[in-house]
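Student: Provided below are the primary sequence and the corresponding predicted coordinates.
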Amino acid sequence: MSKMLEEIRQQPAGLERTLRGELRHIERLKKALSERRPRHIVLAARGTSDNAAQFGRYVLEITTGIPVSLAAPSIFTLYQAEVNLEDALVVAISQSGESTDTNFVLEGARKRGALTIGITNEAASSMARIAEWVFLVRAGKEKSIAATKTYTGQLLLLFLLAYALGARINLDDLRRIPEWAAAALKLEPAIEELSRRYRFMDRAVVVGRGLNYSNALEFALKLKETCYVVAEGFSSADFMHGPIAMVAASFPVFLFAPPGVTWPSLKEMLDKLESLQAETLVISDLRHREALARRSRAVVVPARPGRKGVHPQDLLTPIPYIIPAQLFAACLADQKGVNPDYPRTLQKVTRTM
């Protein structure tokens, strides 16, 4: 069994530790931010952490109304531009805390008077020393090069950051996330069987929108780095504006399709894909009977265990929805005879400037 698969299974416990370990610290940040509310937020990250930052942009803007941008680190590292960060909150996200350019952005932001936050899995990292506020993904050491448990931990901390900025997020709802993650893990046998169908897949598209757009990017990244599949992640809106032209019969398209405001555009796209006879697979949950009733194959995320079978509200779907995708990538790598823990030419810590 791969380390990647082991670490996917560790996510419920890691999410629970992260929530329990950082909640008091988040409450202190909430008080500090009430006295120093930022006018805008800048998120800096690379790789999987950058996909988490994409989620951060959506969840922070949707729930707080504060404008959010994603940093282009070369503006700081190569062009050495003097960016005005007055009244800004700069948040750096890194699994290792040793991403050179991300830390450069964080250090420069602090010198310019911005409030700085670091989100990392490593308490002894450079990032933890640079940032004024440090929040730890308490996932345990991640040994596989393919990041999984740190990604969901980062999403959870971004939910908490939104809460600290005054978002109307119920902490009791966040406490249910580990249970939803555990329920999603029960899909592993079905996903292992499903992955056999895709053993010879060498290209694919992954689609999401809004809060699950980051998951489309992350699933595509996992297919690329662990299975060597040429995969691209798109917003459904962007996909309809041109890239859909490459889809023909049997072309694989994976879709994150929660119920809610993003469904109408995803439904329109599914209709188009089915008319093209594409090979579509939908990730959704049992509330969404319209999505699951279609001819497409579906991965159905279970409800939270318990008498009422509570499902995550749309805002909270990204964490339980990405877990089946992670399982799929790990299982497909096994089908292809690829070791997902040590992808060729990659290493765990990547330093760029």
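Tutor: Happy to help now that I have it.
Student: and the end-to-end length of stretch 90-108?
Tutor: 10 Å (CA to CA, to the nearest Å).
Student: helix, strand or coil for Ser250?
Tutor: coil (DSSP: H, G, I helix; E, B strand; the rest coil).
Student: for the closest residue to it other than its chain neighbours, what are its contacts?
Tutor: Nearest residue to Ser250 in three dimensions, chain neighbours excluded: Glu279, at 5.2 Å (CB to CB, 6 or more residues apart in numbering). Just so you know, the C-beta spots here come from the backbone N, C-alpha and C atoms, and that holds for glycine as well. Taking CB atoms under 8 Å, 6 or more residues apart in numbering, we find Glu279 in contact with Ser250, Phe251, Pro252, Val253.
Student: among those residues, who's most crowded?
Tutor: Most neighbours among those, by other CB atoms under 10 Å: Val253, with 22 neighbours.
Student: Run through the bridge partners of that residue.
Tutor: Legend: beta-bridge partners of Val253 under DSSP bridges are Val205, Thr280.
Student: For it, give me its contacts.
Tutor: Taking CB under 8 Å, 6+ apart, we find Val253 in contact with Ala204, Val205, Val206, Val207, Val247, Leu273, Ala278, Glu279, Thr280, Leu281.
Student: what's the pLDDT at the residue nearest to Ser250?
Tutor: Looking at Glu279, its pLDDT is 93.
Student: Over to Leu70?
Tutor: 95.
Student: Distance-wise, check it relative to Gln80.
Tutor: The gap separating Leu70 from Gln80 is 19 Å, by CB to CB, to the nearest Å.
Student: So the two - more neighbours on which side?
Tutor: Of the pair Leu70 and Gln80, Leu70 is the one with more neighbours under other CB under 10 Å, namely 14 against 9.
Student: Now that one. Its backbone dihedrals?
Tutor: Main-chain dihedrals, Leu70, degrees, to the nearest 10: phi -100, psi 130.
Student: hey, what's it bridged with?
Tutor: Applying DSSP bridges, one finds that Leu70 bridges with Leu43.
Student: dump the residue contacts of it.
Tutor: Neighbouring residues of Leu70 by CB under 8 Å, 6+ apart: Val42, Leu43, Ala44, Ala45, Asp50, Ala53, Gln54, Arg57.
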